[in-house]
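> need a 3D model of the following:
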Amino acid sequence: MRIYPLVFKHVFTKMDPEQAHHFAFNAIKTAQRAGLTKAARKFFAPAPKLKRTVMGIDFPSPFGLAAGFDKGATGILALSDIGFGHVEIGTVTGQAQSGNPQPRLFRLVEDRAVINRMGFNNEGAETVAARVASSRLELKAGYAGTRPVIGVNIGKTKVVELEDAVGDYLASTRQLAIHADYLVVNVSSPNTPGLRLLQSVDSLRPLLSEVGQLADKVAGRHIPLLVKIAPDLSDEDVADVARLAMELELDGIIATNTTIGRENLTSDASKVEEIGAGGLSGAPLKQRSLEVLRQLRSLVPAEMALIAVGGVENAEDVKERLDAGADLVQGYTAFLYEGPFWARSINKDLERML
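Numbering: from 1, shown residues only. I've put the predicted structure just below:
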């Protein structure tokens, strides 16, 4: 199970990071299509004691995969088979878009971090919705007990002006909400110009209100709705979001997205400067995301779900987030460094800890 870090060091580090991501992800999906991950499902499955109910949904484990890894919902079944309690797909936009020019994904290996400026590259809500629908049906049929959960993360199409953002989010909601176990409004990526301006309370209020109403209407049931926020918000702004979430009776908040900061890195400063703009994720984000989580937990009621993400590398990090008040925990960047046995390792260690 420690073979992957060697493969990463000697093979993937010599490849363009985006190409390496596609190569590794395609290998996991190929194993799923060949029936290998299904055959090994018991080996990867979280222990029954890790099951928990959040937002009225049964999760087989508190640990899941954050949005950004499976943008197009092409690998939900494969990722579920290898131990993730939930898979959050996306970010999906109302219109298909190619994202920012390449190169747009960069490793900071010394920091176990990644900088990306992908730009919400995806095939659009209509195409992705069909995949989510198919995967949800297969998960329902394939799991006798608690099945892995599908979250859907939606964002703004780049060519849509900010004043038209609500309509763009509604277009995605109309296509995707009925197939989602829960829905996330992403207003915190640094890679879509102006997007973070939507984190202001005055902009968030109509956006979240209208998305929530439409989601429930098209699905014919309540779709848990969350908002994903940036770690770069001031404590005052975090408190404002918490108050708005309570006012609108949101189901939860995801804390946090990537950061535009570059503090406390051990990587060569000239290399970091050469990479340029983008969101930083991975181990350097650990402390700030934990601070935001603790602040939110002190402000929102216990029944409001908090999903912690940012710098999560191992079971100790997951337990620390749970102890700090998170209901669920997500990871992403460490998956790129640790490989396909990562979720299983975390679940096994959590089983011993809890």
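
> show me what contacts residue 198?
Residues counted as contacts of residue 198 (CB atoms under 8 Å, 6 or more residues apart in numbering) are 156, 162, 165, 187, 204, 207. No exception for glycine: its C-beta is placed from N, CA and C like everyone else's.

> please repeat the previous calculation with a cut-off of 6 Å.
The contact partners of residue 198, taken as CB atoms under 6 Å, 6 or more residues apart in numbering, are residue 187.

> what's near enough to touch residue 267?
108, 110, 111.

> actually residue 129, not the one I typed
Residues near residue 129 by CB under 6 Å, 6+ apart: 175, 176, 179.

> ranking the residues you listed by neighbours, who comes first?
Using other CB atoms under 10 Å as the neighbour test, the contacts of residue 129 are led by residue 176, with 28 neighbours.

> the helix or strand harbouring that one - contacts with which helices or strands?
Here residue 176 is covered by helix 165-176, with elements defined by DSSP states H and E. Helices and strands touching helix 165-176, by 3 or more CB pairs under 6 Å, 6 or more residues apart in numbering; DSSP states H and E, are helix 125-142, strand 149-154, helix 201-219.

> render the CA-only coordinates of the one helix or strand in the chain whose mean pLDDT sits lowest in PDB, please.
Within the chain, no helix or strand scores below helix 3-10, which has a mean of 88 by mean pLDDT, DSSP states H and E. Output in PDB follows, covering the C-alpha atoms of helix 3-10 (Å, rounded to 0.1, in the frame of the first residue of the first chain):
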ATOM      1  CA  ILE A   3       3.900   1.600  -3.400                       C
ATOM      2  CA  TYR A   4       2.000   4.600  -4.700                       C
ATOM      3  CA  PRO A   5       4.300   7.300  -3.000                       C
ATOM      4  CA  LEU A   6       7.200   5.700  -4.900                       C
ATOM      5  CA  VAL A   7       5.300   5.800  -8.100                       C
ATOM      6  CA  PHE A   8       4.400   9.400  -7.400                       C
ATOM      7  CA  LYS A   9       8.000  10.300  -6.700                       C
ATOM      8  CA  HIS A  10       9.600   8.500  -9.700                       C
END
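
> neighbours around the nearest residue to residue 331 once chain neighbours are set aside, how many?
In this structure, residue 331 finds its nearest non-sequential neighbour in residue 312, 4.2 Å apart by CB to CB, 6 or more residues apart in numbering. If you count neighbours by other CB under 10 Å, residue 312 ends up with 29.

> identify the bridge partners of the closest residue to residue 292 other than its chain neighbours.
Once flanking residues are discounted, residue 292 sits nearest to residue 255: 4.5 Å by CB to CB, 6+ apart. Beta bridges link residue 255 to residue 229, residue 308, judged by DSSP bridges.

> residue 255: what's it in contact with?
Residue 255 sits next to 229, 292, 293, 296 when contact means CB under 6 Å, 6+ apart.

> ok, back up a step: what's the most buried one of the helices and strands packed on helix 165-176?
Stretch with highest mean neighbour count among the helices and strands packed on helix 165-176: strand 149-154 (a mean of 26; mean count of other CB atoms under 10 Å).

> any idea of the mean pLDDT in the following helix or strand past the helix holding residue 176?
Following helix 165-176 in sequence order, the next helix or strand is strand 182-186 (DSSP H and E). The pLDDT scores in strand 182-186 average 98.

> pLDDT averaged over stretch 27-42, what's the number?
For stretch 27-42, mean pLDDT is 97.

> format the CA atom coordinates belonging to it as CSV.
Output in CSV follows, covering the C-alpha atoms of stretch 27-42 (Å, rounded to 0.1, in the frame of the first residue of the first chain):
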residue,chain,number,x,y,z
ALA,A,27,-6.5,4.1,-14.0
ILE,A,28,-9.0,4.1,-11.1
LYS,A,29,-12.0,4.3,-13.5
THR,A,30,-10.6,1.6,-15.7
ALA,A,31,-10.3,-0.7,-12.6
GLN,A,32,-14.0,0.1,-11.8
ARG,A,33,-15.1,-0.7,-15.4
ALA,A,34,-13.2,-4.0,-15.2
GLY,A,35,-15.1,-4.9,-12.0
LEU,A,36,-11.9,-4.8,-9.9
THR,A,37,-13.0,-2.1,-7.4
LYS,A,38,-16.4,-3.7,-6.9
ALA,A,39,-14.7,-7.0,-6.2
ALA,A,40,-12.5,-5.3,-3.6
ARG,A,41,-15.3,-3.2,-2.2
LYS,A,42,-15.3,-5.0,1.2
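
> just how off-centre is that stretch within its chain?
Centroid separation between stretch 27-42 and its chain, computed with CA atoms, centre = their mean, to the nearest Å, is 22 Å.

> what comes up buried for it?
Buried residues in stretch 27-42, counting neighbours by 16 or more other CB atoms under 10 Å, are found at 28, 29, 31, 32, 37, 38.

> out of those residues, the closest to residue 99 would be?
residue 29 (20.2 Å; CB to CB).

> wait, the closest one touches residue 79, no?
No: counting by CB atoms under 6 Å, residue 29 stays clear of residue 79, with 8.9 Å between them.

> is the closest residue to residue 140 other than its chain neighbours in a helix, a strand, or coil?
What sits nearest to residue 140 in space, not counting adjacent residues and going by CB to CB, 6+ apart, is residue 147, at 6.3 Å. Assigned with DSSP: H, G, I helix; E, B strand; the rest coil, residue 147 falls in the coil class.

> about what we covered before: strands - which of the contacts of residue 267 land there?
residue 108 (DSSP state E).

> out of the contacts of residue 267, which is nearest to residue 271?
Using CB to CB, the contacts of residue 267 come closest to residue 271 at residue 108, 7.8 Å.
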